[in-house]
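Asks: Sequence and predicted structure are below.
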Amino acid sequence: MEWLLNGVRKGWSALKIYFLHYDLESTSRSECAGVFLREVNHPSNYFFLNGKIPIKSLIELSAVMNEMDKGSFAFHMGKDRNDFSEWVGGVIGDRTLAEKLNQLKTREEMAKAVEVRANYFKRKMEEKH
């Protein structure tokens, strides 16, 4: 019920975003959260933004997606290609988020989905301790 009150306080657009990404807050135990939040160990598995800037974790991806320009976003997206989804599913191992990213098309939507998922895992880790 608290989420509903928060949505009303923030406006209905926040509530809409909550429901859009509700599935990203319900799929993992706290043990899995630590795995999904870890940094990738080997440089060959990093996500390289524009082929230059290394991203090593879901938390780092969340931070850069909010600041990414249109050109950088377009570089990793194509008609039959979504580098973000491929990296999240194949390297991070989060197939739920990868599938969600495949469904979304804008940088803003994807950034919000990654943020929701990373925050969900952070809360799960806090519950564990």
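Replies: Great, that's in hand.

Asks: Any stretches of the chain with poor pLDDT?
Replies: Per-residue confidence for the chain (pLDDT under 70) gives these ranges: 1-31, 128-129.

Asks: What is the helix of greatest length in the chain packed up against?
Replies: Across the chain, the longest stretch assigned as helix under DSSP state H is helix 107-128. The elements that helix 107-128 packs onto, with contact taken as 3 or more Cβ pairs under 8 Å, 6 or more residues apart in numbering; DSSP states H and E, are helix 12-20, helix 30-37, helix 58-67, helix 95-103. The C-beta positions use only the backbone N, C-alpha and C, and glycine is treated the same way.

Asks: Could you list the residues in contact with the longest one?
Replies: If you take Cβ atoms under 8 Å, 6 or more residues apart in numbering as the criterion, helix 58-67 is touched by 36-37, 39, 47, 49, 53, 55, 84, 87-88, 92, 94, 97, 107, 110-111, 114-115, 117-118, 121.
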